[in-house]
Structures are given as structure tokens and as C-alpha cells.
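Colleague: below: sequence and its predicted model.
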Amino acid sequence: MFCRKRAEARYKGKQLIYIGNIGSKDKRAERSLPPAKGHTSGSGKGLSAWFVASLLLLTLPAHALADASGQIRQAAESHLRAMLEQQAQRQGWQGMQLRYEINIPTSAANLPACPAAPQVQAIGDAPSAMERQQLQVRCTEAPGWSVNATGQAHVFLPAVHAEGLIDRGQTLTAGDLKLQRINIAKARRGYYNRLEEVVGLTAKRRIRAGQTITPTLLEQSMAVKRGQPVKIIASHDGIEASTSGEALADGQPGDVIRVRNVRSEKVIDAKVLEAGVVTSTF
């Protein structure tokens, strides 16, 4: 018992570096576990007692180790994280990282710790989980209290960027691209979270090295381009024939373009089927 009290006394008054939070106005939750070095004993019993006491502290519930301000912050973060995890699942986000900004009223410093984890309810009308949320945090067990706080989660995702200079009209390959993490709340023009969403598309304009790839910069690659040799397929009553032609316009699958039959020199309307293949519309 004596050794455990010594360990707990050494624990008090240490400083916590709070990882994962930014912009918090509450400083009372700043604590940390003390470093193991510096606790010496000729018999080694002092170090063993410290290890056992530290292990006991780490196995306690999070709300038992925190004061009211720390509990409010933890509860708000858990609420925001749950909201964003649901959105990530719906939208198929990959590699999400969150950073929190929690603002707690200074009056929370005078509140007693809640015996159980506080409950959180959104009381604002923010349309998106990534926008600042108005939150009510309540301790439902004695002594009981309720605090209004604000919280915002900043979402960072890997986004597709240009590895080097990409010229207009260039069809993108995996070698042209790289993933770099961004705050998606600031990606007003959109972004791509996966390379496979971009590979095979064509640049509508020149893209500089390191630039975030947005939907407005790309277009579907043309299945047929003007001046390109194409295969013209014609079918009638189950009989199919083909001949060579030249596309007189660009076209995507389903588009009807003008095509010249290189044998007869006749120009016809043809529907684009796939890359380099069209079919007569008559």
C-alpha cells in the first residue's frame, strides 16, 4: 500500500500533451503519465511498485481518470468521431484521419467529475457532420450537470495529386498520380480519394505538378477521336459485315458521329460502340 501511494503521488502534477485536439480553451485536462526513468531503488521494489500502480491507472475507465472538463472533451470527441465514421462508411472514404477542435466554457472547470461517461446531444442545425456542431453534454448521475459546448472535426483524407506536369489531352496512368493527405473541408472544387477513380481519364487542361486533381480538370477519354481509323460494323437480318472507316469527329460510347467509309468514300452516321469501333445506324 505504501508503494502504491508513492506512485500515485508522483503521478500528480505532471503535464499532459493532448494529442488529437486543437483550439481547446480548457487547460485543466493537461496531465501525463510520468516517465519511467529516474525511479531507482537498490532492491528494484520501487520500480516494480511504480509499474503496478501505472498499470492499475491505465486499466481504469477513461471517465474515472479525467476531471469534468476532460470528460466533456472526451465525450464531444467521441460524438463527432461516431458521426464522421458513419459518413465515411456511406461515402466510401479510405484512410480517414480526424483532428478535433473542442471549445468548453470556463465554468466547466468548477464542475465535479461525473461518475459515468457524460451523454452528448447535438442541439444545433449544422447540415454537415464536418461543420461546427452545437453540443449539449450532460452528466445524468449525481451530482449531475449540463454544459453547452461547440465542437468541430477536421477530416483529412488521401487525395489524388499530379506527380508531375500533365499536358492537356493526356490520358492519366497510375504513374502520373500520387496520394497526398488534405483537409477535405477546404477542397471546394472536389477531390478524388482513390487512384483508380482517375486512371484512364483525360486532362481537359494542363495540370501542374503537385496540383490536387479535381473533377473539373478531367473528362472521360474519347473512345473515338477525329481522324482515327475505325472499324465500321453493319448488321441486317442476323448477317454482320465490317469495313474500315475514318472518324470525322470525337465520340464517346453511345454518341452518333459522322464516319467516312474508306472504300466507298461515303460518309454515314454511326454510333460509337467502344474504342475504335462504330456501327451503322441504318
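Modeller: Great, that's in hand.
Colleague: where's A270, which helix or strand?
Modeller: Element membership of A270 [criterion: DSSP states H and E] is strand 267-274.
Colleague: ignore the last one, T243
Modeller: Per DSSP H and E, T243 falls inside strand 239-247.
Colleague: rewinding a little: next, the angle from the strand holding A270 to strand 239-247.
Modeller: Taking axes from the mean of the first three to the mean of the last three CA atoms, to 10 degrees, strand 267-274 and strand 239-247 form an angle of 100 degrees between their directions.
Colleague: i'd like the first residue to be 650 from this point on
Modeller: Understood, numbering begins at 650; the last thing we discussed is strand 916-923.
Colleague: by contact count, what packs against strand 916-923?
Modeller: Judged by 3 or more CB pairs under 8 Å, 6 or more residues apart in numbering; DSSP states H and E, strand 916-923 is in contact with strand 878-885, strand 905-910, strand 926-929. Quick note: C-beta positions are derived from backbone N, CA and C, even for glycine.
Colleague: in its sheet, what does that strand sit against?
Modeller: Each strand that pairs with strand 916-923, with its direction, by DSSP bridges: strand 905-910 (antiparallel), strand 926-929 (antiparallel).
Colleague: just say which of these is most tucked in.
Modeller: Stretch with highest mean neighbour count among these: strand 926-929 (a mean of 20; mean count of other CB atoms under 10 Å).
Colleague: how far does that strand sit from its chain's centre?
Modeller: Taking the mean of its C-alpha atoms, strand 926-929 sits 43 Å from the chain's own mean (CA atoms, centre = their mean, to the nearest Å).
Colleague: cool, and stretch 908-927?
Modeller: Put simply, stretch 908-927 sits 45 Å off its chain's centre (CA atoms, centre = their mean).
Colleague: who are the contact partners of the closest residue to Q768 other than its chain neighbours?
Modeller: The shortest distance from Q768 to any residue that is not its chain neighbour, by CB to CB, 6 or more residues apart in numbering, is 5.1 Å, and that residue is R787. By CB atoms under 8 Å, 6 or more residues apart in numbering, the contact list for R787 reads 767-770, 793-796.
Colleague: what about R787, which SS state?
Modeller: With DSSP: H, G, I helix; E, B strand; the rest coil as the basis, R787 sits in strand.
Colleague: cool, thanks, talk later.
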